[in-house]
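Student: Attaching a predicted model along with its sequence, questions to come.
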Amino acid sequence: MEAKNSVLVVGGGIAGMQASLDLADRGFKVFLVENSPSIGGRMVQLDKTFPTMDCSICIVAPKMIECLRNPNITLLTYSELKEISGSAGNFTVKILKKPRFINEERCTGCGVCGQHCPVEVANEFDMGLGIRKAIYIPLPQAVPLKYTIDRENCLECGLCQKMCRAEAVEFDQQPQSFSLDVGTIIVATGFELFDARTRSEYGYGRYQNVLISLEFERMLSASGPTGGHIVRLSDGRIPREIAFIQCVGSRSLKGGVSFCSSACCMYATKESILIKEHEPKCEVYIFYNDLKVFGKGFQDFVARAEDEWGVKYIRAFPGEVTEDPKTGDLTLWYEDTTENVTKSIKVDLVVLCPALIPRAANKELAGILGLELDEYSFFKSKDPQFMPFDTNIPGIFICGYCQGPKDIPESVAQASGAAARAAELIALMTGKEAQ
């Protein structure tokens, strides 16, 4: 069989997009498969990035648009990889495209349908803090800018269909299955959050004023559910004392994972500085086990947070968070590991930094592709030092957080490395020079 001059990229987050753009710029045809209605991944939910404090969406949105407009990239959003056959250079993959119940060619993204939809449900993009309609786009900068109908919550009242001048609403859409021939495959499925509800001692899910970090990130964002205002969910009051608890579910053998998630110390520092920018009088405490600040400029970033912004770092192991049911105020009990004594502190808001863990769907995807997983369910590299992008299956490569804990810059760098390996293999098998 003739080797195929194309690549399948599974996962449309920052790593998957970077790998796709690198390959497309070299002249290779790329099929970018994303499970959700829009590409962008977790990065689009962030307000700023560390340590530069650049606007996150300002960085990622141009890459999203470039993926849409690049003639060598075909976006397959709201789609899943279901089957694979063949070998390196000649893979055949089966893709399942879920029904949006919207004709993508006709939909203009005008939003009139959503304005008239009577159903309101929790918005996943805002981590459940905001609301969306049953016909929706995940975020204002969604790519592609096409609406999707949530049939689980849809009343089928027909209002959206009546109001759509483009006649794009199609309630009778069915799943579509089709096959693609590709030379290589890159897996970049990202991460999900550890369920902080399993650490009941911190009260997440029971106390309104205990949030997880990504919920707080959406609160900090001007496009978020509170318009960028930091408030307590219990009473809408501006908090004057906020505590961050690190390593919730990570570096733990008790109901969690033993590895460090790599990015938590830095994003807590970033969020602390943002708090100080929003509310200079607010006291911010970061309760940590060890500070993992090993990247370029990271230690200086922490030093600035402490010296210039007054963020207080406390090396301690928090044991419990309790709530005053009348006021919603919180008391954090902890062991000060420098003095070996038990202390407590009263705060208005607690932000938990949960472990970043591999997606549960990795196990199913690994079964489809025949890939090996490590003990934590990360995709396993053939050789972490010398062949970090290669897997046990020739022609299938990995990059980003699905391979192991890392931050955004490292994920981007690794995506370019995986793209280079995929291009190299195709060039060797086809005799075509990669551009």
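Tutor: In hand now; what should we look at?
Student: Low-confidence stretches in the chain?
Tutor: 1-3, 431-435 (pLDDT under 70).
Student: Only C-alpha atoms, please: export stretch 120-134 in CSV.
Tutor: Extracted in CSV, the C-alpha atoms of stretch 120-134 (Å, rounded to 0.1, in the frame of the first residue of the first chain):
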residue,chain,number,x,y,z
GLU,A,120,-31.2,27.7,31.0
VAL,A,121,-28.7,25.1,32.3
ALA,A,122,-25.3,25.2,34.0
ASN,A,123,-22.5,26.3,31.7
GLU,A,124,-19.7,23.8,31.5
PHE,A,125,-17.3,26.4,30.2
ASP,A,126,-17.8,28.5,33.3
MET,A,127,-17.5,25.4,35.4
GLY,A,128,-21.1,25.5,36.3
LEU,A,129,-21.0,29.0,37.8
GLY,A,130,-22.7,30.6,34.8
ILE,A,131,-25.7,29.5,32.6
ARG,A,132,-26.2,28.8,29.0
LYS,A,133,-29.1,27.9,26.8
ALA,A,134,-30.1,24.5,25.4
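Student: Buried ones in it, by neighbour count?
Tutor: Of the residues in stretch 120-134, Asn123, Phe125, Asp126, Met127, Leu129, Gly130, Arg132, Lys133, Ala134 count as buried by neighbour count, 16 or more other Cβ atoms under 10 Å. To be clear about C-beta, it is placed using only N, CA and C from the backbone, and glycine gets the same treatment.
Student: Quick check: of the residues you listed, which lies closest to Gly40?
Tutor: Phe125 (9.7 Å; Cβ to Cβ).
Student: Leaving out chain neighbours, which residue sits closest to Leu220?
Tutor: Spatial nearest neighbour of Leu220, excluding adjacent residues (Cβ to Cβ, 6 or more residues apart in numbering): Asp47 at 4.5 Å.
Student: Which residue ranges of the stretch 1-150 of the chain form strands?
Tutor: 6-10, 29-34, 48-49, 54-55, 73-77, 79-87, 90-97, 120-122, 131-133, 135-136, 148-149 (DSSP state E, counting those that start in this stretch).
Student: Adding distance to Asp172, write those strands out as CSV.
Tutor: Formatted as CSV, the entries for these read as follows, by distance: least, Cβ to Cβ, whole Å:
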stretch, distance to Asp172
strand 6-10, 29
strand 29-34, 24
strand 48-49, 43
strand 54-55, 41
strand 73-77, 20
strand 79-87, 19
strand 90-97, 15
strand 120-122, 23
strand 131-133, 21
strand 135-136, 16
strand 148-149, 12
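Student: Could you say which one of those comes nearest to Met266?
Tutor: strand 48-49 (9.7 Å).
Student: hang on, the earlier thing: quick one: closest of the strands of the stretch 1-150 of the chain to Gln174.
Tutor: strand 90-97 (9.9 Å).
Student: Render the CA-only coordinates of that closest one in CSV, please.
Tutor: Output of strand 90-97 as CSV, limited to C-alpha atoms (Å, rounded to 0.1, in the frame of the first residue of the first chain):
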residue,chain,number,x,y,z
ASN,A,90,-1.0,3.4,6.1
PHE,A,91,-3.5,3.8,8.9
THR,A,92,-7.3,3.7,8.3
VAL,A,93,-9.3,5.3,11.1
LYS,A,94,-13.0,5.4,11.6
ILE,A,95,-14.4,8.7,12.9
LEU,A,96,-17.9,9.2,14.5
LYS,A,97,-19.3,12.7,14.2
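Student: quick one, that strand and strand 73-77 angle?
Tutor: Using axes from the mean of the first three to the mean of the last three Cα atoms, to 10 degrees, the inter-axis angle of strand 90-97 relative to strand 73-77 is 40 degrees.
Student: ok, strand 90-97: who's next to it in the sheet?
Tutor: strand 79-87 (antiparallel), strand 176-182 (antiparallel) (DSSP bridges).
Student: Neighbours of the residue nearest to Leu220, how many?
Tutor: 21 (other Cβ atoms under 10 Å).
Student: how close does it sit to Gln246?
Tutor: 19 Å (Cβ to Cβ, to the nearest Å).
Student: between the longest helix seen in the chain and strand 90-97, how many degrees?
Tutor: For the chain, the longest helix by residue count, based on DSSP state H, is helix 408-430. Angle of helix 408-430 versus strand 90-97, following the same axes, to 10 degrees, is 130 degrees.
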